[in-house]
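Colleague: structural data only, the sequence is not supplied:
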């Protein structure tokens, strides 16, 4: 699904970072890694840090120049921590992801520069867009694998729309209906009277507070059964005293 | 701004990961790190990987138990790669960030488990929400620092709303107005006639295509000046022949 996008690393110095990039990519279902003049590759350190993503390393392409790496690409995006003097069209990771997944027939390169110095100006000139990860202005240099992780996270999220948040139980049991909850509140009230916590017909504000508590947590039917089991036991316990 | 949120690491094994987490946090303007029973801390490896974020390591709190680490917290969020049998309210990183920044008076803990086995069920039971980073189902275990990076990236983005994408130059020069662009197109047309590329009044479809090109790139006033300078020179060049 994301196979039209390649991650290009330029002159990476630490082989551990190459391995960590491969892991970050595979976590987010990306597979195409291109290395431009890496200092050391392949290496055991890269394989160790890839931690099971060594298939990405094995399939990686090594190029002598950035031009060669991006020759077949139609959309070139280069990451940049600094703001340049001549500003360039700039994207954040989410906007980058939206552009990158818009047309799967386009060949796309997302380029990450050297660990210490990033991409040079003449390399940024090859890019249609610069990608900037918003961050702390006073400490803005992300580890290269961390930067790849953020960018690939947004690519994955854009390609596989996320399910909405689930509050309460999902799947195994349906949430309790209003009438099931009313029966529960009635039972709760009876039990609280039975155990001597409340007097019948009084303490309406306490019942209201308890309702607020249990409504907020959106009980499912199984949970209601459990709570009512507890109520029954506390009622029986009182009767025996 | 994010000082009400602490990142809690439980029984981290590799000191390098602790350093990488500190760096990921500082990149995103987070500062409160709590370590529950780390295998090795402090350590040179952590400091090396922190790469300038050693202030975060120096200020980190070490606790013996998770309970101690979260004792003062009001909202507890635990990361989890697996779906549990009894499902728990679940958030993705963006939803987590929205909840976490909603009330800066709330003390919040976001917990990350062991590198190999994550958080145990009795630890997840302490959490109000589980945080799940959407990823490749077939390779779902992110490096712990990579996971912290993604979560802190969303926290930073939620706390500092991002500028919109800038297409074209920003800052130094304003974008060209429609009337400036019309003067440019008129000049372009004249120049193309002057150099013999077009005949006056003909080739309307070529002019339309050229308009589409230059409109798409949203020229700024400086860029228009440069292009018109080029047009002038090409006109003069013809006259000399």
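Modeller: Everything's here; your move. All figures in this text were calculated on a predicted structure; none of them were measured in a lab.
Colleague: helices and strands around the helix or strand containing residue A:97, which ones?
Modeller: Counting by DSSP states H and E, the element that carries residue A:97 is helix A:93-102. Contacts defined by 3 or more C-beta pairs under 8 Å, 6 or more residues apart in numbering or on different chains; DSSP states H and E place helix A:93-102 against strand A:75-79, strand A:108-112, strand A:129-131, helix A:144-159. All C-beta atoms are positioned from the backbone trio N, CA, C, and that covers glycine.
Colleague: in that helix, which residues are buried?
Modeller: Within helix A:93-102, the residues scored as buried using 16 or more other C-beta atoms under 10 Å in any protein chain shown are A:93-97, A:99-101.
Colleague: quick one: that helix to helix B:144-159, angle?
Modeller: Note on geometry: by axes from the mean of the first three to the mean of the last three C-alpha atoms, to 10 degrees, helix A:93-102 and helix B:144-159 are set 100 degrees apart in direction.
Colleague: helix A:93-102: how far from the chain's middle?
Modeller: Relative to the chain's own centre, helix A:93-102 is displaced by 15 Å; criterion: C-alpha atoms, centre = their mean, to the nearest Å.
Colleague: could you list the domains of chain A?
Modeller: With automatic domain parsing as the criterion, the domains of chain A are listed as A:5-159, A:178-240.
Colleague: before we move on, the earlier item: how about the buried residues of helix A:93-102 in a markdown table, adding pLDDT?
Modeller: Written out in a markdown table, the entries for the buried residues of helix A:93-102 read as follows (pLDDT from 0 to 100):
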| residue | pLDDT |
| --- | --- |
| A:93 | 97 |
| A:94 | 96 |
| A:95 | 95 |
| A:96 | 96 |
| A:97 | 97 |
| A:99 | 94 |
| A:100 | 95 |
| A:101 | 94 |
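Colleague: closest one to residue A:10 out of those, please.
Modeller: The shortest distance between residue A:10 and any of the buried residues of helix A:93-102, using C-beta to C-beta, involves residue A:96 and amounts to 17.3 Å.
Colleague: among the domains of chain A, which is the most enclosed?
Modeller: For the domains of chain A, the stretch with the most neighbours on average is domain A:5-159, a mean of 20; neighbours defined as mean count of other C-beta atoms under 10 Å in any protein chain shown.
Colleague: pLDDT of stretch A:26-46, averaged?
Modeller: Stretch A:26-46 shows a mean pLDDT of 97 in the predicted model.
Colleague: repeat for stretch A:49-56
Modeller: In this model, stretch A:49-56 has a mean pLDDT of 96.
Colleague: before we move on, the earlier item: between the helices and strands packed on helix A:93-102, which one is nearest to chain B?
Modeller: Using C-beta to the nearest C-beta as the measure, helix A:144-159 is the one of the helices and strands packed on helix A:93-102 that comes nearest chain B, at 4.3 Å.
Colleague: other SSEs contacting that closest one?
Modeller: Secondary-structure packing of helix A:144-159 (3+ C-beta pairs under 8 Å, 6+ apart): strand A:5-10, helix A:15-27, helix A:93-102, strand A:108-112, helix B:15-27, helix B:144-159.
Colleague: going by distance to chain B, which of the buried residues of helix A:93-102 wins?
Modeller: If you rank the buried residues of helix A:93-102 by distance to chain B using C-beta to the nearest C-beta, residue A:95 comes first, at 4.9 Å.
Colleague: re earlier: pipe the buried residues of helix A:93-102 into JSON lines and attach distance to residue B:61 per row.
Modeller: Supplementary listing: the buried residues of helix A:93-102 in JSON lines, determined by distance: C-beta to C-beta, whole Å:
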{"residue": "A:93", "distance to residue B:61": "31"}
{"residue": "A:94", "distance to residue B:61": "33"}
{"residue": "A:95", "distance to residue B:61": "37"}
{"residue": "A:96", "distance to residue B:61": "36"}
{"residue": "A:97", "distance to residue B:61": "36"}
{"residue": "A:99", "distance to residue B:61": "42"}
{"residue": "A:100", "distance to residue B:61": "40"}
{"residue": "A:101", "distance to residue B:61": "41"}
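Colleague: any idea which of those residues is closest to residue B:49?
Modeller: In terms of C-beta to C-beta, no member of these lies closer to residue B:49 than residue A:93, at 22.8 Å.
Colleague: isn't the closest one right next to residue A:148, touching?
Modeller: No. With contact defined as C-beta atoms under 8 Å, residue A:93 and residue A:148 do not form a contacting pair (10.6 Å).
Colleague: center of chain A - which residue?
Modeller: By C-alpha atoms, centre = their mean, the mean C-alpha position of chain A lies nearest to residue A:153, the distance being 5.7 Å.
Colleague: does the lengthiest helix in chain A come close to chain B?
Modeller: For chain A, the longest helix by residue count, based on DSSP state H, is helix A:221-240. No. Taking C-beta under 8 Å from any C-beta of the partner chain as the criterion, helix A:221-240 and chain B are apart, separated by no less than 9.5 Å.
Colleague: contact partners of that helix?
Modeller: A:169, A:172-176, A:180-181, A:184, A:187-188, A:190-191, A:194-196, A:219 (C-beta atoms under 8 Å, 6 or more residues apart in numbering or on different chains).
Colleague: how about stretch A:148-163?
Modeller: Residues outside stretch A:148-163 that contact it (C-beta under 8 Å, 6+ apart): A:1-2, A:5, A:7, A:21, A:24-25, A:27-30, A:79, A:93-94, A:96-98, A:100-101, A:110, A:112, A:131, A:133, A:142, B:92-93, B:133-136, B:142-143, B:146, B:149-150, B:153.
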